[in-house]
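Participant: Got a predicted structure here, sequence first:
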Amino acid sequence: MKSGSTSSVKTGVGALVGAALMLGLSFPSALESHAASIYQQEPGGRFRVLVVPLACNDVDKKFGEKVAKSIRENLEDFSTHAPIPENEFKRALKRYEVKQEDLNAIRARQLANLMGAQVVYYGECAASGASYQVDAGFIDVTTGDEVAVPPVSIRDKSDESVESVAQASIQAFEQQVRFVRARQFCADYVGSQQPDNALRNCNEALEINANSIPALFNKGLAFRQLYENEESGGTDGWADSAVYYFERVLEQDPGRREALQNAAYIYSQIGEAEKASELYRQYLELDPANVPVRLKVAYDMAQADLMAEAISIIQEGLQFSEENVDLLQSLGDYSLRYSEEDSTYVDIALEAYEQVLSLKGEETDQAIIENALAAYTRANRSKEAITFAERALESHSDSPRLWSLYADALGRDGRFADASAAMDRVVELDASYPNAYLKRGQFKLQGGQDQAAMADFNLAIQSGSSAADVYMLFYSTAHVARNERQYARAVSYFERAVEFAPADRKQDLEFWWGYTFYQLGEDLAKPEDANLSQLQRAQQNFQAALAHFNRAGSVRREIPQLKDAADRWLLNVDARIRQIQRG
């Protein structure tokens with residue numbers, strides 16, 4: 001990563017303070033004036049490399065110094081990197097009051113960060129039989145990724161030994177440069193949604209450093225992109241590969257947030273609900289009170305149709321913030337959605353919406369109120385819906401939509417006159433409100449105000465509703481009455497429906513109109529003790545049924561059988577009428 005410019009010195013100083021505290025070093029007052037020089041790149045934009053002398057006290061301290069000097073000289077030939085001079089390294093040791101022999105790989109990386117280096121070289125010598133083995137590597141200061149120098153065995157502190165270690169180190173540094181370039185290209189291609197190119201560069205980086213967390217993570221992201229981009233099926237392989245690399249990251253860093261989230265997301269997409277839930281909860285444990293994070297997790301689970309898990313995630317969040325409106329609204333929305341599968345969740349939704357209304361009052365989003373009314377409807381709790389709507393109207397009295405929903409709740413409770421009055425308010429607020437006259441006419445029709453209903457239906461057509469809309473209202477109302485065995489009322493609705501019926505629906509209407517006359521005739525004729533008046537009315541109904549069946553044509557295959565049945569009933573009724581008339 002490139003170091004900051006002079007214009008960002010103040011920010012840089014803050015970072016230096018933190019790093020110095022990590023080292024346990026003192027922080028001299030002169031550092032601020034010197035910070036600009038620390039955070040400058042080398043001339044030509046070359047990245048800075050801190051070469052720490054090998055810890056080789058068993059051989060000779062000067063051996064490590066000689067190796068470091070040779071490495072610095074070789075690094076001068078690189079166009080992209082430049083070594084930090086030895087005297088600057090010595091000044092930094094003095095400035096931060098740390099001894100060179102106290103450095104280890106971690107502290108060397110921290111010191112390199114303070115000095116504005118992007119890469120640090122650190123290594124040690126250890127006795128190995130009659131010789132010594134040098135283990136060293138180049139460490140990326142930002143990520144901690146290391147490219148190791150292949151172990152080098154030396155017998156003495158000769159110049160030849162110095163050069164063998166230095167040359168092996170430079171070869172490893174060339175690998176480090178190639179590794180960093182491939183790792184960066186891997187990330188860039190992921191960022192630009194080019195997963196195939198990303199994988200090629202991720203693989204190159206991982207060939208050099210198989211445990212690079214950034215490379216492993218971005219390879220997982222590339223496979224996730226392939227999984228999400230695949231439209232022709234057969235995506236399980238991409239999903240499995242994505243999870244594999246996210247899990248590889250978590251093996252090294254179990255608390256890696258982005259790896260936890262991505263692995264959990266993929267598991268949720270492929271139906272591994274238990275595993276997804278486990279990882280999401282690990283992710284949330286890192287910051288359990290973070291509402292945006294929790295909402296995002298719940299959203300991911302809901303999108304994967306893991307609704308019970310999403311609801312549980314939200315409920316757990318409310319333990320930390322019981323009056324958080326965003327959590328409560330999400331709880332209500334998800335519970336309402338899930339109540340289609342499990343009706344017990346309606347109560348959870350309603351309780352959440354009630355809390356939102358109590359907390360926000362007139363600022364309550366109308367969508368929440370509408371969802372709450374939908375929840376009451378789903379639970380067949382019309383009286384509670386009415387109470388909730390009346391409470392909401394106290395702060396949203398100018399909402400025609402809410403008045404319309406209130407009318408619906410009143411209608412479901414059989415309060416048709418009140419429902420009609422609520423629709424009066426809708427028309428007052430917005431005369432062009434969709435289907436306002438149609439709905440008001442329906443409530444009047446259900447309340448027995450047939451003439452007033454017809455006036456509203458004509459207004460509905462004048463204001464934009466189609467005759468077909470009015471037809472369907474009468475048609476559906478007729479069927480409701482017929483199913484409730486209110487045949488005479490159903491006949492009256494079919495009679496009104498015909499005035500508005502589209503041409504292609506008239507034969508269907510004639511069939512059901514005729515069938516209702518037939519059912520009415522059966523009800524009158526079935527009793528063996530039916531009187532003359534009943535039988536005469538039955539006769540009229542069967543005759544009317546036949547007339548409608550004839551006009552229905554062949555729209556239904558049952559018509560011939562029903563006509564035969566009506567004829568038989570007419571013969572039966574005629575005989576019984578003659579018998580009664582003969583006395």
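Facilitator: The structure has been received and is ready for your questions.
Participant: Wasn't D135 part of a strand?
Facilitator: Yes - D135 sits within a strand when classified using DSSP: H, G, I helix; E, B strand; the rest coil.
Participant: Can you give me the separation between it and C56?
Facilitator: Distance, D135 to C56, by C-beta to C-beta, to the nearest Å: 11 Å. C-beta here means a position set from N, CA and C on the backbone, and glycine is covered the same way.
Participant: what about those two, which has more around it?
Facilitator: Neighbours per residue (other C-beta atoms under 10 Å) separate D135 from C56, with C56 holding more: 23 against 15.
Participant: In this structure that one contacts Q133, no?
Facilitator: No - the criterion here is C-beta atoms under 8 Å, and C56 misses it with Q133 at 10.7 Å.
Participant: shared neighbours of these two, anything?
Facilitator: With contacts defined as C-beta atoms under 8 Å, 6 or more residues apart in numbering, the residues adjacent to both C56 and Q133 are C125.
Participant: circling back: shared neighbours, D135 and C56?
Facilitator: Overlap of the contact sets of D135 and C56 (by C-beta under 8 Å, 6+ apart) consists of E124.
Participant: secondary structure element for the residue nearest to L532 when sequence neighbours are not counted?
Facilitator: Setting aside the residues directly before and after it, L532 is nearest to I580 in space (C-beta to C-beta, 6 or more residues apart in numbering), at 4.9 Å. For I580, the element it lies in under DSSP states H and E is helix 559-582.
Participant: Can you mark which positions in that helix are buried?
Facilitator: By neighbour count on 16 or more other C-beta atoms under 10 Å, the buried set for helix 559-582 is I559, L562, K563, A566, W569, L570, V573, R576, I577.
Participant: Can you lay out these as TSV showing pLDDT and distance to Q543?
Facilitator: Supplementary listing: the buried residues of helix 559-582 in TSV, determined by pLDDT from 0 to 100; distance: C-beta to C-beta, whole Å:
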residue	pLDDT	distance to Q543
I559	94	16
L562	95	14
K563	95	12
A566	94	8
W569	95	10
L570	95	7
V573	93	10
R576	92	15
I577	92	13
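Participant: So A436 is in contact with V426, correct?
Facilitator: Yes - assessed by C-beta under 8 Å, A436 is found in contact with V426 at 5.0 Å.
Participant: Check which residues of stretch 395-412 are buried.
Facilitator: The neighbour-count check on stretch 395-412 (16+ other C-beta under 10 Å) flags 395-396, 399-412 as buried.
Participant: which one of those is nearest E272?
Facilitator: The closest of those to E272 turns out to be L405 (C-beta to C-beta; 39.9 Å).
Participant: Please give me every residue in contact with the closest one.
Facilitator: Contacts of L405 were listed using C-beta under 8 Å, 6+ apart, and they are I369, E370, L373, A389.
Participant: did I read that right, the second one in a helix?
Facilitator: It stands for E370. Yes - judged by three-state DSSP, E370 forms part of a helix.
Participant: circling back: among the buried residues of stretch 395-412, which ones are in strands?
Facilitator: Using DSSP state E, no member of the buried residues of stretch 395-412 falls within strands.
Participant: contacting residues around stretch 314-328?
Facilitator: Contact partners of stretch 314-328, identified using C-beta under 8 Å, 6+ apart, comprise 284, 288-289, 291, 294-295, 298, 330-331, 334, 352-353, 355-356, 359-360.
Participant: Give me the next element, helix or strand, following the least confident helix or strand in the chain by mean pLDDT.
Facilitator: In the chain, no helix or strand scores lower on mean pLDDT, DSSP states H and E than helix 31-39, which sits at a mean of 33. The C-terminal neighbour of helix 31-39 among helices and strands, as given by DSSP H and E, is strand 47-51.
Participant: For the very next helix or strand once past that next one, list every residue counted as buried.
Facilitator: Scanning the chain past strand 47-51 towards its C-terminal end, the next helix or strand to appear is helix 61-75 (assignment: DSSP H and E). Neighbour counts using 16+ other C-beta under 10 Å place F63, G64, E65, K66, V67, A68, K69, S70, I71, R72, N74, L75 of helix 61-75 among the buried residues.
Participant: gap between helix 61-75 and the chain center?
Facilitator: A distance of 55 Å separates the centroid of the chain from that of helix 61-75, by C-alpha atoms, centre = their mean, to the nearest Å.
Participant: Contacts made by the helix or strand that comes right after that helix with the rest, please.
Facilitator: Moving toward the C-terminus from helix 61-75, the next helix or strand (DSSP H and E) is strand 81-83. Residues from elsewhere that reach strand 81-83 (C-beta under 8 Å, 6+ apart): 42-44, 46-51, 71-72, 75-76, 118-119, 173, 177.
Participant: Give me the sheet partners of strand 81-83 and which way each runs.
Facilitator: With DSSP bridges as the test, strand 81-83 is paired with strand 47-51 (parallel).
Participant: Measure how the partner strand sits relative to helix 61-75, angle-wise.
Facilitator: Compare the direction of strand 47-51 with that of helix 61-75 by axes from the mean of the first three to the mean of the last three C-alpha atoms, to 10 degrees and you get 160 degrees.
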